[in-house]
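> Just the structure for this:
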Amino acid sequence: MQLPRLTGLICATALLALAQAPRAAEETDRVTGLTLEGDWQLVQANCTECHSALLITQNAGSRGIWQIRIATMRNTHGMDELDADIEARILDYLAEHYGQRQASRRAPLPTHLLPDNPYPPL
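Below you'll find the predicted structure:
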């Protein structure tokens with residue numbers, strides 16, 4: 001009988017298609033745009049006191065990059081010191097949901113398209 005073989009083939013094809021399908025878009029908060037997972041409310045409460053959540057959602061970076069950004073806000077913009085546990089949880093959230101992208105910038109221009117450098121080499 002061919003029916004069991006056909007049914008198995010259809011099931012296998014469907015499973016393969018599901019495995020290769022892109023991940024569903026993450027659910028986001030309709031007000032802030034933050035991804036509604038993990039410690040998003042902690043990020044909302046601490047990070048949107050001084051700036052829009054758009055500053056978060058349009059950026060990306062590794063945990064280390066986000067840590068540098070927080071330190072910069074603290075050192076140059078007068079942000080208060082965060083509790084170490086809260087900062088760690090915020091960094092975890094940011095790195096997971098707004099982590100480093102493979103290609104977040106355009107490719108550099110080819111050398112032949114760059115203007116001549118007016119400065120002598122050092």
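
> C-alpha only now, for contacts and for neighbours.
OK.

> Quick check: which ranges of the protein have low pLDDT?
1-25, 103-105 (pLDDT under 70).

> center of it, which residue is that?
Centroid check for the chain by CA atoms, centre = their mean gives Tyr98 as the closest residue, at 1.7 Å.

> if I pick the nearest residue to that one once chain neighbours are set aside, what's in contact with it?
Nearest non-adjacent residue to Tyr98, counting by CA to CA, 6 or more residues apart in numbering: Ala60, 4.9 Å away. Ala60 makes contacts with 95, 98-101, 104, as judged by CA atoms under 8 Å, 6 or more residues apart in numbering.

> Any chance of TSV for those residues, columns secondary structure?
Converted to TSV, the contacts of Ala60 look like this (DSSP: H, G, I helix; E, B strand; the rest coil):
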residue	secondary structure
Ala95	helix
Tyr98	coil
Gly99	coil
Gln100	coil
Arg101	coil
Ser104	coil
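
> most neighbours, which of those residues?
Counting neighbours by other CA atoms under 10 Å, Tyr98 comes out on top of the contacts of Ala60 with 21 neighbours.

> measure that residue to Thr35 for me?
9 Å (CA to CA, to the nearest Å).

> again with Ile65
Counting by CA to CA, the gap from Ile65 to Thr35 is 19 Å.

> okay, the two: which has more neighbours?
Using other CA under 10 Å, the more surrounded residue of Ile65 and Thr35 is Thr35, with 20 against 16.

> Angles on the backbone of the more buried one, please.
phi -70, psi 130 (degrees, to the nearest 10).

> what's the burial count for the closest residue in space to it that isn't next to it in sequence?
In space, Thr35 comes closest to Thr28 once its chain neighbours are excluded; the distance is 4.3 Å by CA to CA, 6+ apart. For Thr28, the neighbour count with other CA under 10 Å is 13.
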